[in-house]
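Peer 1: the following comprises the amino acid sequence and a computationally predicted model.
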Amino acid sequence: MKQENSIIQGDCVAVLADLLKEQGGKGFADLIFADPPFNIGYEYDEYHDKVDHEEYVGWTKKWMKACVNALSDHGSFWIAIGDDYAAEVRIVARELKLVMRNWIIWYYTFGQSTRKKFARSHTHIFYFVKDKKNFVFNDEAIRVPSARQTTYNDKRAHPKGKVPDDTWILRPQEVTEAFEPGEDTWHISRVCGTFKERAGFHGCQMPEKLLARIIETVTNPGHLVLDPFSGSGTTVVVANSLGRRFIGIELSEQYVAQSKSRLKDSESLFDTGS
Ligand SMILES: C[S@@+](CC[C@H](N)C(=O)[O-])C[C@H]1O[C@@H](n2cnc3c(N)ncnc32)[C@H](O)[C@@H]1O
């Protein structure tokens, strides 16, 4: 594709329509990972993140439909969303005839502290496919040590461990010498101020480990990974380093410029073409 391995500035609905036209109407993305604004009043440089409920749901339908059109027949569609709109996303997905494979809870530490209600420490991550029989799922890429292996010494245990649960945190008994002590390999923290990977210009930066797990599971090297809300560029950076082709779409010119330089500075296996 002409625009692959780049971050495109623009509105994702319009850009996806153009890309689809270019492909003669045939879905082209093997994985779409979408982390849209949650309609919670977060401050982005261009997008206004607090609109009417109906407007937000209407827009959600539009961009989800554009993503479904851009998805290849064997592709998977992942959506990160907060509590306020998780139910609506599930309903829209059903209307679009997507097949839900997992409703993942990403539990993270360092949630905000509160006084009058419980502090939120999770995000919903939906994993949908177009076709319930035709999809990629590389279980061997993401197996973790099982309690059968580490605690019960059970001979029936799969030698490569188990596929992680749909709550993404590694329980302490699953931490073995296979993982660096102190390095929270599977217990995926939010990206904090002190983290080396923090790019510093975007408050919603997703952890690279979370994207790596998704990309390695549902794509093969050479597949095309698309992020319609690219933000700080986490998805494209990780896709690039794992030998996948990529397209990022982002509304803000400033984020596009900054994420392009993040991409250049990242360890890449390919020419970034940016
Ligand atoms: C939650 S952030 C994504 C963060 C990203 N996952 C990361 O790791 O940096 C959402 C992004 O969507 C962008 N955005 C909002 N509306 C958009 C649109 N219509 N098309 C493309 N990007 C949009 C915002 O500017 C913001 O950077």
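Peer 2: Noted; the coordinates are in hand.
Peer 1: give me the three-state assignment for the closest residue to the ligand within the stretch 101-250 of the chain.
Peer 2: Nearest residue of the stretch 101-250 of the chain to the ligand (Cβ to the nearest ligand atom) works out as Gly231 at 2.7 Å. Just so you know, the C-beta spots here come from the backbone N, C-alpha and C atoms, and that holds for glycine as well. Put simply, Gly231 is coil when judged by DSSP: H, G, I helix; E, B strand; the rest coil.
Peer 1: what's the pLDDT at it?
Peer 2: On pLDDT, Gly231 comes in at 97.
Peer 1: leaving out the residues flanking it, which one is nearest to it?
Peer 2: His202 (5.1 Å; Cβ to Cβ, 6 or more residues apart in numbering).
Peer 1: try Arg213
Peer 2: Ile142 (5.6 Å).
Peer 1: residues touching the one you found, list them.
Peer 2: Val163, Pro164, Arg213, Glu216, Thr217 (Cβ atoms under 8 Å, 6 or more residues apart in numbering).
Peer 1: check which helix or strand Val225 maps to.
Peer 2: Counting by DSSP states H and E, the element that carries Val225 is strand 224-227.
Peer 1: does that strand come close to the ligand?
Peer 2: No. Against the ligand, strand 224-227 shows no contacts by Cβ under 6 Å from any ligand atom, the least distance being 6.8 Å.
Peer 1: can you tell me the closest non-neighbouring residue to Asp227?
Peer 2: Thr235 (3.8 Å).
Peer 1: send the alpha carbons of whichever strand or helix holds that neighbour over as CSV?
Peer 2: For Thr235, the host element (DSSP H and E) is helix 234-241. This file holds the C-alpha atoms of helix 234-241, laid out as CSV (Å, rounded to 0.1, in the frame of the first residue of the first chain):
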residue,chain,number,x,y,z
THR,A,234,2.7,3.4,20.6
THR,A,235,1.0,0.9,18.3
VAL,A,236,3.1,1.9,15.2
VAL,A,237,6.3,1.9,17.2
VAL,A,238,5.7,-1.6,18.5
ALA,A,239,4.4,-2.9,15.2
ASN,A,240,7.5,-1.6,13.5
SER,A,241,9.8,-3.2,16.0
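Peer 1: give me every residue in this protein lying close to the ligand.
Peer 2: Neighbours of the ligand within the chain, by Cβ under 6 Å from any ligand atom: 11-12, 35-37, 44, 46-47, 202, 204-206, 228-229, 231-232, 234, 249-252, 255.
Peer 1: make a PyMOL selection of the buried ones in those.
Peer 2: Per 16 or more other Cβ atoms under 10 Å, the buried members of those correspond to this PyMOL selection:
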select buried, resi 11+12+35+36+37+44+47+202+204+205+206+228+229+231+232+234+249+250+251+252+255
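Peer 1: let me know the secondary structure of Gly248.
Peer 2: Assigned by three-state DSSP, the conformation of Gly248 is strand.
Peer 1: I'd say it and Ile8 touch.
Peer 2: Yes. Between Gly248 and Ile8 a contact is recorded at 6.9 Å, counting by Cβ atoms under 8 Å.
Peer 1: between those two, which is the more surrounded one?
Peer 2: Ranked by neighbour count (other Cβ atoms under 10 Å), Gly248 and Ile8 place Gly248 first, with 30 against 17.
Peer 1: which residues touch the closest residue to the more buried one other than its chain neighbours?
Peer 2: If the residues on either side of it in the chain are set aside, Gly248 comes closest to Ser230, at 3.3 Å by Cβ to Cβ, 6+ apart. Contacts of Ser230 were listed using Cβ under 8 Å, 6+ apart, and they are Ile7, Val236, Gly248, Ile249, Glu250, Tyr255, Val256, Ser259.
Peer 1: again with Tyr42
Peer 2: By Cβ under 8 Å, 6+ apart, the residues touching Tyr42 are Asp49, Gly203, Cys204.
Peer 1: at 10 Å instead, please
Peer 2: Going by Cβ atoms under 10 Å, 6 or more residues apart in numbering, Tyr42 touches His48, Asp49, Lys50, Gly82, Gly203, Cys204.
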